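# Have a look at this prediction, sequence included:
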Amino acid sequence: MQPVQKISKMRKRKRRSHHALKPIHYVRCPQCGTTKLPHCACDNCGFVNPKLALHVEQEQE
């Protein structure tokens, strides 16, 4: 079964305008300066906020 009418390029592109990937927002860790996601613990030093810090174990090779 064929479609009744052709969907124009403009209509198709308007519908898909929200499908683009958005860039990930990174912030600098105030303790060590590496990039991290906001409101998350730092992967390098475990810093969350001045009252809380998580212990991060270093990998030994």
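It's in.
# a helix runs through Ser17, doesn't it?
Yes. Assessed by DSSP: H, G, I helix; E, B strand; the rest coil, Ser17 belongs to a helix.
# Return the distance of it relative to Arg11.
11 Å (Cβ to Cβ, to the nearest Å). Where you see a C-beta, it was placed from the backbone N, CA and C, and this is true even at glycine.
# Between those two, point out the one with more neighbours.
The neighbour comparison of Ser17 against Arg11 (other Cβ atoms under 10 Å) goes to Arg11, with 10 against 7.
# and the helix or strand containing the more buried one, which residues are buried?
Following DSSP states H and E, one finds Arg11 within helix 9-15. Across helix 9-15, burial judged by 16 or more other Cβ atoms under 10 Å covers no residue at all.
# which element follows it toward the C-terminus?
Counting by DSSP H and E, the next helix or strand C-terminal to helix 9-15 is strand 27-28.
# Now do that next one: distance to the chain's middle.
How far strand 27-28 lies from its chain's middle: 13 Å, per Cα atoms, centre = their mean, to the nearest Å.
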